[in-house]
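1. Sequence and predicted structure are below.
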Amino acid sequence: MSLKNKVLNYLETSGDEFVSGQQLADDLKVSRTAIWKAISELRKEGALINAVTNKGYYLVRESQKLSLFSLEKELKDFEVHYLEEVDSTNSYCKKLPTSDVFKKTVVVASKQSSGRGRRGRTFVSPDGGIYFSLLIDSHNNNEDNLLITSIASVSVARAIKKVCNVDCKIKWVNDIFIKERKVCGILTEGVIDMEVGKIKSMVVGIGINFSTPMDEFPADLKDIVTSIYDNEQAIPNNVSRTMLVKEVVTEIYNIWDDLPNKDFLNDYRSKSNVIGKSVTIYNRDNSVQNGVAIAINDSAHLIVELEDKTEIEIGTGEVTIRVTK
Ligand code: BTN
């Protein structure tokens, strides 16, 4: 174990006690300079370590800020990348070197300069939000792979309820809403293995407006987006960004590893803000159809009854829908 991690463990197990630099150096059998360097490294990674003259060091547990330190602590089985700012966590994730052995990976950022949305749109990603991408090993069964965006939607809605106690709705297939306004978008991209022509892994990118003040958004979005909290000061003490990321990631994997169990679809249906509503369907060939969304089936496809009473089944990613009533 590196000295940095030994120091961290020591501070963690000391609970609320102060630990002097000398005590750390003696017990870990290194110099005080080495301890000082390890503490600086931990702080650079985002650990909140207070130092008080004549008392020593003290680890402050929860931080509102995202950091490599806090994320690695919560996501022990993952390769974690944290960036204060990046063009797009999805793009970054797709460029990571691959190895033969799959490693669960998550890339997290506090801001994106070129956040990407579905259909080549921009995803405005200012400070205050949480932007992260998960590299997920695909299943052999492509039916499962096609469920990943719905799984992510249910996971985000469940996690926001659990961590922030806020109810969300899901707009089929990948938008999360709080009171009729979008709070989160999800973009899933497949990584293809060119040799066998199959999906090797998937990058699931999630952008959540966490404590993003409305004036951070351009005028055309102000009336259609929202944030879980109005600003940084409104975040309750017992809530943190790290907790929310951990909860979403854990929930996604719990569902993913439990497939073919499709119980999560019950939540997908009950949290839907589309079923029972009139919708306009924008097809890829530019044609438009009107109807009423009547159900979501076991493939997470939306069943729409058209004006002529015929029913069509829409697969995830095939079309865009607009709820009209
Ligand atoms: C959408 O609403 O159209 C999807 C938005 C997806 C945004 C997330 S933020 C993290 C990840 N990185 C990106 O560039 N996009 C996704």
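-> Cool, got the structure. Source: prediction; values computed, not measured.

2. Now the element after the top strand by length along the chain, going C-ward?
-> Across the chain, the longest stretch assigned as strand under DSSP state E is strand 181-193. The helix or strand immediately downstream of strand 181-193 is strand 198-208, counting by DSSP states H and E.

3. In the sheet, which residues pair with the closest residue to C93 other than its chain neighbours? Tell me.
-> Leaving aside its chain neighbours, C93 sits nearest to S133 (4.1 Å; criterion: Cβ to Cβ, 6 or more residues apart in numbering). In short, each C-beta sits where N, CA and C put it, glycine included. S133 has these beta-bridge partners by DSSP bridges: V107, G205.

4. Could you report the neighbour count for S133?
-> 29 (other Cβ atoms under 10 Å).

5. can you list the residues of the chain near the ligand?
-> With the criterion set to Cβ under 6 Å from any ligand atom, the chain comes near the ligand through 88-90, 112, 115-118, 121, 123, 131-133, 175, 185-187, 205-207.

6. if I read this right, V191 contacts V203, doesn't it?
-> Yes. With contact defined as Cβ atoms under 8 Å, V191 counts as touching V203 (6.5 Å).

7. what touches both of those two?
-> K94, L135 (Cβ atoms under 8 Å, 6 or more residues apart in numbering).

8. Those two: who's more crowded?
-> For V191 versus V203, the count of surrounding residues by other Cβ under 10 Å is larger for V203: 23 against 15.

9. Show me how the record splits this structure into domains.
-> The chain breaks down by automatic domain parsing into domains covering 3-59, 68-270, 278-324.

10. need those in TSV with mean pLDDT, can you?
-> Below are the domains of the chain laid out as TSV (pLDDT from 0 to 100):
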stretch	mean pLDDT
domain 3-59	88
domain 68-270	93
domain 278-324	88
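
11. winner for burial among those?
-> Across those, averaging neighbours per residue (mean count of other Cβ atoms under 10 Å) puts domain 68-270 on top, at a mean of 18.

12. That one spans what distance, first to last residue?
-> Taking Cα to Cα, to the nearest Å, domain 68-270 runs 35 Å from one end to the other.
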